[in-house]
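**Student:** Prediction below, plus the sequence it came from.
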Amino acid sequence: MKNYNTLRKLIVKFQGWRAILYFGAIIGMGVIDGITAVLVSRILGIITDAAVAGKSFWDTNIVQLILIVLFIKLGIGVFLSVGYNNEAKRTGANMRNIVFSKALCLPVEFYEKNHTGDFMAKLTYDTDMASGVFGSRIRRVLMPVILVCVCTVPMFIMCPPVMAGLFVLCVISLTLNFLMIPLMKKYSRKISEDNKVISESVTDMLQGMETIRMYPLKSVISNNLNKASESCGRNTKKQGSLEAMVASVRAAFDLLGSVAFLALGIIYIQKNNGNIGNLISLYALYGTFQYNFLLMGQYIPSLASHLVNAERVLNFLELPEENLAGAPGIYPDMKPANGNNPNGCNIDKVSPDNGIEEIRLDNITFRYEGKEDNVFDNFSLSFKKGISYAVVGESGRGKSTLIKLLEGFYSLKGGEILFDNISSKELGLGKVRSLIAYIPQEPYMYRDTVYNNICNGKPGATGKEVIDAAKAANAHDFIMRLDKGYDTVLGERGNTLSGGQKQRLAIARAILKDAPIIILDEATSALDNESEKLIQQSIMQYKKNKIIIMVAHRPSTIATADVVVEI
C-alpha cells in the first residue's frame, strides 16, 4: 500500500493529466505485443498443421497474418513507442526542474541545518533514481502484466490442461520474487544514505580545499569518503546479489517450465489425441508468456527499490517554503479593501519606486531553533529615510541576526517588522526583498562575466547603467585593467579577484538595484582606507532618498553614520 501511495503521488505531482498519454502508450504497447505474440504463435501452429497434412505453404492464410503483424508492429507500435519515450523524458525533466525550483524556495534555516551534500544527493542520485520510475520501471512492470493477460485466454483455449500446470509454476515463481521486495528496498535506502555521505565529503573537500591543505584534515576527509564508498560498494554488491538471485530463480523456472511443458504436452497428445498445431502454438506463445511473467517478478522489486528514492524526493518537496507572495488571510481579523490594509496604507505604494519612509521593529522576539535563550526579547527599533545607521556591538550580540530578520531569512517568534506600517508577513518576502539592496561581508560572485555579475542587481539594465554603478562603487578602473574588461569571466565564487575587488563589484550590484533600503554587513571590511572612503561617499550621496543600515566594527565606517545603534 505504501508503494502504491508513493507511486500515486509521483504521478499526480509530475505528470498530472499527461499520465493519460503516458499510461495509454504503455497499455497500447502491451496490447500490441500480446496480439503480435498470439498471431506469431498461430502462424507456427498453421505451418505445423499444414506440414502434418501435407499441404502447401500457399494453401494457408499465413501471408495475410504476416502482413497484419508487420502493420501492427511497425505502424501502431512505433507510434506508441515514440509517444511513450517523449512523455517519459518530459516527466524526468519536469521532476528535476521541480526539485531545483523547490530548493530555491526553502528558507535559509534549511541550508543552515542540512549539509550541501545532502541536497546535492537529492538533486542528483535520488532524483535520477526517482525519474527512472517513469523512464523504464513502470513500463517494465506494466507491459508484461498486460501481455500476460492478452496471452492467457488463447492459451487456455488451445490447451487447457497444459496451460493450467504451467500457470501454477509461474505463480510460484512470481511469489518467490515478491519475497525479495523488502530486502531490495532495505539496500536501496542504505545506498541512498551512502551516496548522501559521499556527496557531503566531496562538497567538504571542494569548499574547504585551503583549510584541508593547511591543517591535517586530508586523512579525515579521505577516511570519511572511503568509508562511505566502501559501505556503498558493499550494499551495492548485496543488492546485486539479490538481483542475481532473482535472475537465477527466473532461469530455473524457465527450465522447469520447458520440462513441464514437454511432459504435459506429451500426455495431452497421447490421451486426448490433441492437435499438434495447437500444441506448437501454445509452446511458442508460452515462451513469451513465461518470459514476461518472470519479468514481472524481476522488475516489481526493482520498481519498489526506485520508489524508495522517489519517497525521499517527495518528502523533500513537502518541506515548508518561504512566504514570498504574502498570504491573503494571514491575519484573520483584518479585512483589507481595495488593496488597503487596516492602517490605511496602500500595499502597492510600498515599492522601490516610491521608497520607504520607515522600518519599524515592533516588540520582536527571536531565538534560533534548538536554543533556549532569545537573541531578541520584545525588542523595538526604527529606521527612517534620509538617515544612515551604524549597528554596532560585541560579536554574538545579534547584529547579523538583525539583518537576516530584516531580509526575512528567519521567522520571528513574536512581534512584527513593519515597512511603512505594513507587516512583512502581509507584504510577502518577495516584495520585502525587492526593497533591499544587500552587501554582505563575503559577497558571492558567479562564474560569469563581470558585466553580468553587476547586472544581477537589475536584470536588463543598460550598459551605461552598469558602468555608472561600477564607477560609483570605485570598481570601473580595476575592471578596465582586466584582460577583457567587463567581458572578463570570473572564476568560481569570484576566486580570480581579490577580496576588495569582489566587494566593489557587490557594491556596484547593490547600487544598480537602486532599492530604497541599503544594508551593508561589514561590506567595506576588505577595502583599504582610501577605497572605503570613496565608496562611503558614493553610498552616502543616495542617503536623501534611502534608509542606510551598516553593520560595522571599523571606526572609520561608524564615523560616517548619522546614528549609532548599539545592540
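**Tutor:** Yep, that arrived.
**Student:** Could you list the low-confidence segments of the stretch 101-250 of the chain?
**Tutor:** By pLDDT under 70, the weakly predicted segments of the stretch 101-250 of the chain are 115-119, 174, 177-181, 183-185, 187, 200-221, 246-247, 249-250.
**Student:** try 50 this time
**Tutor:** For the stretch 101-250 of the chain, the stretches flagged by pLDDT under 50 are 214.
**Student:** By mean pLDDT, point me to the weakest helix or strand of this structure.
**Tutor:** When the helices and strands of the chain are scored by mean pLDDT, DSSP states H and E, helix 209-214 comes last with a mean of 53.
**Student:** How far off centre is the helix or strand hosting residue 127?
**Tutor:** Taking DSSP states H and E as the definition, residue 127 sits inside helix 127-132. Taking CA atoms, centre = their mean, to the nearest Å, one finds helix 127-132 lying 10 Å from the centre of the chain it belongs to.
**Student:** What residues sit buried inside that helix?
**Tutor:** 127, 129-132 (16 or more other CB atoms under 10 Å). C-betas here are computed from N, CA, C, even on glycine.
**Student:** Ok, stretch 149-157 next?
**Tutor:** With burial defined by 16+ other CB under 10 Å, the residues of stretch 149-157 counted as buried are 150-152, 154-155.
**Student:** Stretch 368-387 too?
**Tutor:** Residues 374-376, 379, 381, 383, 385 are the ones in stretch 368-387 that count as buried (16+ other CB under 10 Å).
**Student:** what's the answer for stretch 493-501, then?
**Tutor:** 494, 497, 500-501.
**Student:** Columns pLDDT, secondary structure and distance to residue 317 on top of those residues, output as CSV?
**Tutor:** Formatted as CSV, the buried residues of stretch 493-501 follow (pLDDT from 0 to 100; DSSP: H, G, I helix; E, B strand; the rest coil; distance: CB to CB, whole Å):
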residue, pLDDT, secondary structure, distance to residue 317
494, 76, helix, 32
497, 83, coil, 37
500, 79, helix, 41
501, 84, helix, 39
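**Student:** Can you pick out the most distant pair from these?
**Tutor:** 494 and 500 (11.5 Å; CB to CB).
**Student:** Which residues are in contact with each of those two?
**Tutor:** Taking CB atoms under 8 Å, 6 or more residues apart in numbering as the contact rule, residue 494 and residue 500 have no neighbour in common.
**Student:** I'd like the distance between residue 547 and residue 383.
**Tutor:** Separation of residue 547 from residue 383 (CB to CB, to the nearest Å): 5 Å.
**Student:** quick one: common contacting residues for these two?
**Tutor:** 358-359, 389.
**Student:** Among these, name the buried ones.
**Tutor:** Buried subset of the shared contacts of residue 547 and residue 383 (neighbour count, 16+ other CB under 10 Å): 359, 389.
**Student:** Does residue 152 touch residue 289 like I think?
**Tutor:** Yes - using CB atoms under 8 Å, residue 152 is in contact with residue 289, at 7.4 Å.
**Student:** Kindly indicate which of the buried residues of stretch 368-387 lies nearest residue 299.
**Tutor:** Once CB to CB is applied, the member of the buried residues of stretch 368-387 that ends up nearest residue 299 is residue 375, at 53.6 Å.
**Student:** and that closest one, what are its phi and psi?
**Tutor:** Reported as degrees, to the nearest 10, the phi and psi values for residue 375 are phi -80, psi -40.
**Student:** residues contacting it?
**Tutor:** 366-368, 398, 401.
**Student:** Next one: it, what pLDDT does it get?
**Tutor:** Looking at residue 375, its pLDDT is 86.
**Student:** roughly how far apart are it and residue 10?
**Tutor:** With CB to CB as the criterion, residue 375 and residue 10 are 41 Å apart.
**Student:** And residue 561, by the same measure?
**Tutor:** Note on residue 561: its distance to residue 10, by CB to CB, is 55 Å.
**Student:** and the spatially most central residue of the chain, what does it touch?
**Tutor:** Central residue of the chain (CA atoms, centre = their mean): residue 99, 2.3 Å from the mean position. Counting by CB under 8 Å, 6+ apart, residue 99 makes contact with 122-123, 127, 313, 316-317.
**Student:** Could you look up the SS state of it?
**Tutor:** Following DSSP: H, G, I helix; E, B strand; the rest coil, the label given to residue 99 is helix.
**Student:** picking that back up, name the residue in residue 561 and residue 10 with the higher neighbour count.
**Tutor:** Neighbour count, other CB atoms under 10 Å: between residue 561 and residue 10, residue 10 has more, with 24 against 20.
**Student:** any idea how far the more buried one is from residue 121?
**Tutor:** Using CB to CB, residue 10 is found at 19 Å from residue 121.
**Student:** give me the number of residues near residue 423?
**Tutor:** If you count neighbours by other CB under 10 Å, residue 423 ends up with 18.
**Student:** for the one 5 residues further on, same thing?
**Tutor:** Counted with other CB under 10 Å, residues neighbouring residue 428 total 19.
**Student:** Please look at residue 83 and residue 26 and confirm they touch.
**Tutor:** No - counting by CB under 8 Å, residue 26 is not a contact partner of residue 83; they are 9.7 Å apart.
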